Structure formats: structure tokens, C-alpha cells
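Trainee: structural data only, the sequence is not supplied:
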């Protein structure tokens with residue numbers, strides 16, 4: 001094995017650091033709205049609750065602040081930021097650009113096993129809806145899009161998408177009642193149908209409409225949950 005391959009293998013096998021674990025716990029709580037906008041946090045409290053030292057908590061706070069999820073205020077409590085409509089729409093633009101290219105590549109390379117995996121995922125989504133398991137549906141939704149990136153031969157693209165779409169996810173959690181989940185499921189099924197028929201035009205149009213739905217609904221969602229959103233210009 002060459003030196004580069006050995007380094008790559010070591011990197012892939014590296015266990016998450018304490019900071020990584022703290023970051024993931026906080027990130028998931030913020031995105032899922034378990035810690036809604038306005039929630040106050042302190043390094044000491046989080047460190048005590050997670051039974052870690054304050055340094056990894058401080059590092060995780062910094063990473064989340066760089067992503068726009070925490071407002072760190074010296075000598076005052078750190079606060080979960082409110083949702084920015086502008087940040088959501090920017091994330092939607094970036095995600096759409098990446099996913100349209102990815103799905104077109106995946107469509108050319110998908111095997112029968114890949115298609116079956118996508119179908120199984122969509123079946124699982126329907127079961128999650130019927131059982132009113134919102135978190136499970138959310139995980140399967142992400143897994144479907146991640147699988148398409150993997151089929152395209154670019155699983156790293158999902159990391160880029162995930163980093164950019166987190167602002168979208170907070171809005172998505174506000175909209176993922178059974179009706180919203182069913183709409184998303186049905187759109188996934190239509191996308192897969194076009195994907196299987198290798199109809200590039202339909203795949204692009206369906207995926208674009210699927211990802212753009214948040215732009216059409218964000219103003220309604222904001223009106224219903226105004227306390228979670230930043231004060232922004234009327235045109236936003």
C-alpha cells in the first residue's frame with residue numbers, strides 16, 4: 001500500500017473526536033428544532049450535560065457559529081440564531097445546482113441494485129409517514145439524496161450539500177407534518193420513475209421543482225412561525 005493510500009485509510013478509520021461528537025449532538029438538536037431559535041446555551045451547562053470538558057464544547061460552539069446557527073456573545077449566554085430567509089434561499093440555490101448535476105450522472109450509472117435500494121427507501125418513507133415518525137422520514141429523505149450522490153460516484157458531494165442545506169432543514173422540520181411528508185414522498189416517487197426511464201428532461205424538472213418547493217412555501221411557514229425567524233425586509 002502506498003503512503004497516500006495508508007494515510008487515506010487512517011483518515012477514513014479515524015474515530016470522531018470529542019468535539020465532533022459534541023458538534024453533532026448540538027447540530028442535530030438545532031436543526032431538528034429540539035433547541036429552537038432563541039434557546040440560550042452555556043459552555044459549562046453543555047459540558048456538564050455531555051460529561052466532557054469545556055474545550056470541545058467551545059470548539060463546537062465556534063463551528064456552529066461559523067455556520068450561522070449560534071450567536072456567541074462574550075460574557076453573555078450563547079443563543080441559537082433565528083432562521084434567516086435569505087440564508088435558506090441561498091442554501092436552496094447551492095443545493096439545486098449540485099443535485100441536478102449529480103442526478104443526471106447517477107441516472108447514467110445506476111445498476112439494478114441501485115434502483116432497488118432507491119425503491120426500498122421510498123417504501124420506507126411511506127411506512128414512516130403512516131407511523132407518524134417524522135424523524136425517521138427525515139433520515140430516509142436525506143438517505144435517498146445521499147444515495148443518488150453515491151450512485152453518481154461522488155459521495156463527497158452529499159457532504160457539501162449537507163453543509164449548505166442545514167438552514168433549509170430547520171424550515172423543513174416546521175413543514176414536515178404528515179401532509180408535507182406525503183407531498184415529499186410522492187415527489188420522490190415521481191423523480192424515481194423518471195430516473196428509471198432515463199428521461200433526463202423530466203428528472204431535471206421534477207428535481208428542480210422538488211427542491212424549489214421550499215422557496216414557494218417559506219413565506220407561509222414564516223407567517224405561521226414568525227417567532228422563529230429573523231426580522232427581515234418585507235420583500236424577503
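Mentor: All right, it came through fine. All values derive from a computational prediction rather than experimental measurement.
Trainee: drop to CA atoms for contacts and neighbour counts, all remaining ones
Mentor: Will do.
Trainee: which helix or strand lies directly C-terminal to the lowest-mean-pLDDT helix or strand in the chain?
Mentor: Confidence across the helices and strands of the chain bottoms out at helix 3-13, with a mean of 46, counting by mean pLDDT, DSSP states H and E. Using DSSP states H and E, the helix or strand that directly follows helix 3-13 along the chain is helix 18-31.
Trainee: any chance you could list what contacts that following helix?
Mentor: If you take Cα atoms under 8 Å, 6 or more residues apart in numbering as the criterion, helix 18-31 is touched by 35-37, 50, 52, 56-57, 59-61, 63-64, 69, 80, 166-167, 169-170, 173.
Trainee: moving C-terminal of that helix, what's the next helix or strand?
Mentor: strand 40-41.
Trainee: and that following strand, what other elements does it pack with?
Mentor: strand 78-80 (3 or more Cα pairs under 8 Å, 6 or more residues apart in numbering; DSSP states H and E).
Trainee: in the helix or strand just after the strand it packs on, what's buried?
Mentor: Next along the chain after strand 78-80, taking DSSP H and E as the criterion, comes helix 85-109. Going by neighbour count (16 or more other Cα atoms under 10 Å), the buried part of helix 85-109 is 85, 87-89, 91-93, 95-96, 99-100, 102-107.
Trainee: could you report the pLDDT at residue 216?
Mentor: Per-residue pLDDT puts residue 216 at 85.
Trainee: domains of the protein?
Mentor: 3-80, 85-228 (automatic domain parsing).
Trainee: any idea how far the longest one is from the middle of the chain?
Mentor: Averaging C-alpha coordinates over domain 85-228 and over its chain gives two centres that are 9 Å apart (Cα atoms, centre = their mean, to the nearest Å).
Trainee: span of that domain from start to end?
Mentor: End-to-end distance of domain 85-228 (Cα to Cα, to the nearest Å): 11 Å.
Trainee: next one: stretch 22-38
Mentor: Counting by Cα to Cα, you get 20 Å between the two ends of stretch 22-38.
Trainee: okay, buried residues for it please.
Mentor: 22, 23, 26, 27, 30, 31, 32, 33, 35, 36, 37, 38.
Trainee: if anything else comes up later, I'll come back, but that's it for now.
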